[in-house]
Every structure is written in structure tokens, then in C-alpha cells.
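> here is my input, please return the structure:
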Amino acid sequence: MGQIVREILNPPLGETGLHQVRENLGRLANETRWQIPPVVKALLAELDHMASEEKRGADWSVKYAVLAGGRLHGTLVDHPVWAALYADNRHSSLVRQLQSLLLESLADSDAILLPHDVAAAGLLIRVLSQSDGEDDQYYDDLLSAVGVCRATASQRANASRFIRAALGQRVTRRERGSVSDVTRVSDGRTGTRHDQYGEVHVLVPADPDDPAELPEVGEFVAHKKFTSGEARGVSQTGIDPREDHPGD
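Here you go, the predicted structure:
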């Protein structure tokens, strides 16, 4: 396996769907409406070399009818870039533009991207690739295009954060705040849920295509309660009072 493919695409063991990734990269390389990052052609050259010595048969075949969640089940969450390039880009210019920006930002040593930025971009690419109809429009403003695309509000918001980070714009990162300031039941932007017992900070969202392999990872923070004559306590949420360690 080539070094660039390993570092940027990070394919799963067996490189499942390699020919489909090659075809999608080929369409990116042939685009003339925007500047294609050099990394696209470098990746395509390495994949072509890998395919010239193919010995894996059906694992590498093209199966556009099989979505990434089914074809890469059990590996999709750990290989979001490969899954994003596996997603069908035949019918959507927006998908191709997002794939191109994803690769460009990953190849840029100065880009500041976090794993959940990449995961958000990959998820939106897969969602848009499943839309019906043709979309051959070139989008000068990707943020505006993503803001009105057919996806959930959280998917659009998370992908917009990726775009801003990839373009070098200022991105506000979520920091852990005080539970005493909680006023909402759920905050989809920050990934925080609240109830009468405390709040859950979603650290890693579950991937809807593969939730069994890597479900949501969250941190539960119990509300503080102060009563006269009593020390700090926690709500009765299944936590034994003896398990509470105020000093930790």
C-alpha cells in the first residue's frame, strides 16, 4: 500500500471497495470547475498501482448499490475518509466538492482538524450521496450550500464546522461549562443533553450507519446539590452515594 493512501485514506483491512474509491477519485481528478488539490492525483496514482496487482477479487469490486454502512460494516467508524471516498459521487457536484475539500484539508499540514470534524464531513457526504436526482451545479459558497442541503440540522451544523476549519476560518470549540447555567433540555449544536439529574456531554457521536460498532460516547455530569448541614451530594441516578468522591 502506498504511503499517501495509508496516511490520508487509511483504508480498512482488505481495502474493501478499492475500485469504487478509484472511480470516485477519477471523477474528482477530471473536474475542471474548481482547482483540484494535487493530493487527488497522487492518491489516484497509488490506488492504480495497487489495483494493477489485485489479488482480492470481490472485496475490491464496484457496488454503488451497496451503501458504505453495509459494505464497510464494522470498519466504517474507524475509517471515515475511506468511507467518504467510497460514497457515490456520480450524481452530485456538492458531494464531489466536499470530497475534494476533505482531501485537500487532510493533506494540508497547517489545517487544524479534529477527528469529529472529519467524521462530520464524511457523514454528510454519505448522506448527500444517497439523495435522488442529479445535482450538477457548482457551488461557490459551500457553507451556504450545506446550510440548505437535505440533511438534519445537526449534520449540517457539524459539517459547516468542518468547512470553516478546512478553509482556515475561526471555529468555536465546545468547552465544558458549568451545570448551574443549564437552561435547555437539549442542545444539538454542542451535543449536550440535560435532565433533572444532570447533563450528558456527547464526546463522540454515534455513527447512524454503524452504531453497533462504535456507539455514542458521552460523559455524565450530575447536578450539584447543596442542603443545610449536608455535604455535596449527587442525584439518585443509580450512583451509590458511597461511590461519589468529591475530591476527585
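
> and the helices in this protein, which stretches?
With DSSP state H, the ranges of helices along the chain come out as 3-4, 18-29, 38-52, 68-71, 80-86, 93-107, 115-129, 142-147, 153-166.

> most tightly surrounded among the ones you listed?
Across these, the average number of neighbours (mean count of other C-beta atoms under 10 Å) peaks for helix 80-86, which reaches a mean of 26. Where you see a C-beta, it was placed from the backbone N, CA and C, and this is true even at glycine.

> now do that one, average pLDDT.
Mean pLDDT, helix 80-86: 96.

> before we move on, what about stretch 39-53?
93.

> for stretch 145-155, same thing?
Mean predicted lDDT for stretch 145-155 stands at 94.

> so what would you say the end-to-end distance of it is?
Length of stretch 145-155, first residue to last, C-alpha to C-alpha, to the nearest Å: 13 Å.

> any idea how far E31 is from D59?
Distance, E31 to D59, by C-beta to C-beta, to the nearest Å: 28 Å.

> okay, and the helix or strand of the protein with the least pLDDT?
Here the helix or strand of the chain ranked lowest by mean pLDDT, DSSP states H and E is strand 186-187, holding a mean of 48.

> poorly predicted segments of the chain, please.
1, 173-192, 194-196, 207-215, 224-248 (pLDDT under 70).

> now N30: how far from R96?
From N30 to R96 the distance is 10 Å (C-beta to C-beta).

> what does H79 give?
H79 sits 20 Å away from R96, going by C-beta to C-beta.

> tell me the bridge partners for E199.
Taking DSSP bridges as the rule, E199 bridges to H194, V221.

> how many neighbours does it have?
Number of residues near E199 (other C-beta atoms under 10 Å) recorded here: 21.

> please report how far it lies from L114.
Separation of E199 from L114 (C-beta to C-beta) stands at 21 Å.

> list the contacts for L203?
L203 makes contacts with 217-219, as judged by C-beta atoms under 8 Å, 6 or more residues apart in numbering.

> that should have said L103, apologies.
Residues near L103 by C-beta under 8 Å, 6+ apart: 8, 28, 37, 39-40, 43, 81, 85.

> recalculate using a threshold of 6 Å.
For L103, the contacting residues are 37, 39-40, by C-beta atoms under 6 Å, 6 or more residues apart in numbering.

> need those residues in JSON lines (columns: distance to I125).
Putting these into JSON lines (distance: C-beta to C-beta, whole Å) gives the following:
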{"residue": "P37", "distance to I125": "16"}
{"residue": "V39", "distance to I125": "17"}
{"residue": "V40", "distance to I125": "15"}
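
> which among those gets closest to T172?
The nearest member of the contacts of L103 to T172, counting by C-beta to C-beta, is P37 at 26.3 Å.

> list the contacts for the closest one?
103-104.

> against G133, how distant is it?
Counting by C-beta to C-beta, the gap from P37 to G133 is 27 Å.

> what's the answer for G218, then?
From G218 to G133 the distance is 36 Å (C-beta to C-beta).
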